[in-house]
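K.L.:
Quick check, what structure comes out for this input:
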Amino acid sequence: MVRVRFAPSPTGPLHIGGVRTALYNYLFARQNGGKMILRIEDTDQTRFVPGAEQYIIDALDWLGIQFDEGVHLGGPFGPYRQSDRKPLYRQYADQLLRDGWAYYAFDKPEALDAKRKEYEAQKKTFQYDCTTRGTMENSLSLGMEEAQRRIDAGESYVVRFMFPDNIDITVHDLIRGDVTMNSRLLDDKVLFKSDGMPTYHLANIVDDHLMEISHVIRGEEWLPSAPLHVMLYKAFGWEETMPQFAHLPLLLKPEGNGKLSKRDGDRLGFPVFPLEWHDPKSGEVSSGYREQGYLPQAVVNMLALLGWHPGTGQELMTMDELTKLFDISHISKNGAKFSLDKAKWFQHEYFQQLSDEEVASMLEQQVAAHGIQADHGYAMQVAALMKERITFPSELWDTCCYFFQAPTEYDPAAIKKRWKAGMTVHMAKVIEILNTVPFEYDAIHQALLEDYIKGNELNMGSVMNSLRLAVVGKTVGPDMLTLVMMLGKDETIRRVQRAIDTIGEVENQ
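P.N.:
The predicted structure is shown next:
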């Protein structure tokens, strides 16, 4: 049974890099008929941020990344919050101590700082490892009798993993192949603290084993920790059930130099979080994709292709299609540059896939916010006509407002360019034509464009753009006669007459 987990820490909002990790886990699980688990890793209580856990759940729910078990759902392998599992970790720390894979360390923070400075003075980097641990205050150098005396006296301590000296440790990675590191390059990580809380490393391995996780798909920032994790499985005697590892490439800044951060989003004007985040400590509000109007399916599709490709040229894929096509072997080893233009492209493409009904509903809300009651059928017509010009829902009113209210101002640049001498005469002729010919597209086309403009060898662009200026207030919009038919004869005539009265006759420019 394929069982994967997404295991974030509730230390703040979920970064889109974390969302991508969750997405890849989800696609892999669904493709293989497996289970997806949400586990909250909150062993570091000093970094806990209220509201972060619910934010993670809400963000992934909005994106359609569904779980089979988890902190919010329960399940047969719970509890799924590490702080709720605190009592069980002690026995595993004790097992490592008993079997000679770990030791007690009593070094005070100031002693460790002094040791680091001593090494820095020699232009070296201090590491608590197999070459230095004999010189530090721990049960290896002090002896177990003295160590036990200190523990009984209430002295604080940590339990460190004890790497064997000078062995090569190989991690098989599904994306990168075999990665080998020598134990002399690795520090004896802290696994357990005297306050009864495990560190990430111990809790992670114990929970993955007890929850029967088959594949660990996580960011490449955890690759340096993978040798320790492999050794922990060995130390516990769990090698036969050790999960397979896949370390995902980083999401990079648009320029490509470094990991994508909130600062990059603030600098370049795009969100790096799925939902808006209100920091409970500072009060700072960070923008989210949802609040900026992105559709969840656009965000999912965009993130899926940041570091993975389907092996074809296909770019637009539903969640079901992504599930069928997903292949870990097609994940890149290299970081993927975030592109705001590409994110907007996906958003535009998915906005076009919305039904006219959905777009009309969004439009009606915005129209109502401006104190105008829109007929639903009319809003549907506008939506169908204008949808292709829209990328974000927030653009609907500005793009379509002239369908619902007459302009009160006229673009000065357009007046200068289009409203030439004699234009009031031509606009008066437009009113005459609308009043005399049948109010039908073909009849108006023939009378205005063919008989009047072409028949009198007038400048088509100048006359029609001036008509657009009169009706819209600027020289943008759909086919002019289609717009006239939608507005109706009386409204169009009112708008043209108002432009004649407001702009008036001008001299040759």
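
K.L.:
Could you use CA atoms for every contact and neighbour count after this?
P.N.:
Fine.

K.L.:
Show me where this protein dips below the pLDDT cut-off.
P.N.:
The chain contains residues with pLDDT under 70 at 508-509.

K.L.:
In contact with the residue lying closest to I331 once chain neighbours are set aside, which residues?
P.N.:
Leaving aside its chain neighbours, I331 sits nearest to W308 (4.3 Å; criterion: C-alpha to C-alpha, 6 or more residues apart in numbering). If you count contacts by C-alpha atoms under 8 Å, 6 or more residues apart in numbering, W308 has them with 330-332.

K.L.:
cutoff 10 Å now
P.N.:
24, 248-249, 326-333, 336 (C-alpha atoms under 10 Å, 6 or more residues apart in numbering).

K.L.:
Pull up the pairing partners for the helix or strand in which D178 is found, direction included.
P.N.:
Element membership of D178, judged by DSSP states H and E, is strand 177-182. Partners of strand 177-182 in the sheet, by DSSP bridges, are strand 168-173 (antiparallel).

K.L.:
What are the buried residues along the strand it pairs with?
P.N.:
169-173 (16 or more other C-alpha atoms under 10 Å).

K.L.:
One more: stretch 428-448?
P.N.:
So, applying 16+ other C-alpha under 10 Å, buried residues of stretch 428-448: 430-431, 433-434, 444, 447-448.

K.L.:
re earlier: the strand holding D178: which residues count as buried?
P.N.:
M181.

K.L.:
Among the buried residues of stretch 428-448, which are located in helices?
P.N.:
Members of those lying in helices (criterion: DSSP state H): 430-431, 433-434, 444.

K.L.:
tell me which of those residues is nearest to Q31?
P.N.:
Closest approach between these and Q31, by C-alpha to C-alpha: I444, at 57.6 Å.

K.L.:
M464 touches G477, doesn't it?
P.N.:
No. Under the criterion of C-alpha atoms under 10 Å, M464 makes no contact with G477, lying 11.9 Å away.

K.L.:
of the two, who's got more company?
P.N.:
Ranked by neighbour count (other C-alpha atoms under 10 Å), M464 and G477 place M464 first, with 21 against 17.

K.L.:
residues contacting that one?
P.N.:
418, 426-427, 430, 448-449, 453, 470, 475, 480-481.

K.L.:
JSON lines for these, including secondary structure and distance to G100?
P.N.:
JSON lines is the format used below for the contacts of M464 (DSSP: H, G, I helix; E, B strand; the rest coil; distance: C-alpha to C-alpha, whole Å):
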{"residue": "R418", "secondary structure": "helix", "distance to G100": "87"}
{"residue": "H426", "secondary structure": "helix", "distance to G100": "97"}
{"residue": "M427", "secondary structure": "helix", "distance to G100": "95"}
{"residue": "V430", "secondary structure": "helix", "distance to G100": "95"}
{"residue": "L448", "secondary structure": "helix", "distance to G100": "95"}
{"residue": "L449", "secondary structure": "helix", "distance to G100": "93"}
{"residue": "I453", "secondary structure": "helix", "distance to G100": "96"}
{"residue": "A470", "secondary structure": "helix", "distance to G100": "87"}
{"residue": "T475", "secondary structure": "coil", "distance to G100": "80"}
{"residue": "M480", "secondary structure": "helix", "distance to G100": "83"}
{"residue": "L481", "secondary structure": "helix", "distance to G100": "86"}
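
K.L.:
right, and F6 touches I37 too?
P.N.:
Yes. Taking contacts as C-alpha under 10 Å, F6 lies within contact range of I37: 6.2 Å.

K.L.:
Common neighbours of those two, please.
P.N.:
In contact with both F6 and I37: 22, 25-26, 67, 70, using C-alpha under 10 Å, 6+ apart.

K.L.:
circling back to that earlier point, output whichever helix or strand comes after the strand holding D178 as CSV, nothing but the C-alphas.
P.N.:
Next helix or strand after strand 177-182 toward the C-terminus (DSSP H and E): strand 190-193. Provided in CSV are the C-alpha atoms of strand 190-193 (Å, rounded to 0.1, in the frame of the first residue of the first chain):
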residue,chain,number,x,y,z
VAL,A,190,20.0,16.2,18.8
LEU,A,191,17.1,13.7,18.9
PHE,A,192,15.5,14.3,22.2
LYS,A,193,15.5,17.1,24.9
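
K.L.:
for strand 190-193, packing partners?
P.N.:
helix 86-98, strand 102-105, strand 158-161, helix 200-210 (3 or more C-alpha pairs under 10 Å, 6 or more residues apart in numbering; DSSP states H and E).

K.L.:
Looking at these, which is nearest to A59?
P.N.:
helix 200-210 (23.0 Å).

K.L.:
In that closest one, which residues are buried?
P.N.:
So for helix 200-210, counting by 16+ other C-alpha under 10 Å, buried means 200-209.

K.L.:
Using CSV, write out the CA atom coordinates for it.
P.N.:
C-alpha atoms of helix 200-210 as CSV (Å, rounded to 0.1, in the frame of the first residue of the first chain):
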residue,chain,number,x,y,z
TYR,A,200,12.1,16.8,14.1
HIS,A,201,14.5,14.0,13.2
LEU,A,202,13.4,11.4,15.9
ALA,A,203,9.7,12.2,15.7
ASN,A,204,9.8,12.2,11.9
ILE,A,205,11.3,8.7,11.6
VAL,A,206,9.3,7.2,14.4
ASP,A,207,6.0,8.6,13.0
ASP,A,208,6.8,7.6,9.4
HIS,A,209,7.5,4.0,10.6
LEU,A,210,4.4,3.8,12.9
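
K.L.:
re the thing from before, JSON lines please, covering the helices and strands packed on strand 190-193 and showing distance to R494.
P.N.:
Listed next are the helices and strands packed on strand 190-193 as JSON lines, based on distance: least, C-alpha to C-alpha, whole Å:
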{"stretch": "helix 86-98", "distance to R494": "75"}
{"stretch": "strand 102-105", "distance to R494": "86"}
{"stretch": "strand 158-161", "distance to R494": "82"}
{"stretch": "helix 200-210", "distance to R494": "71"}
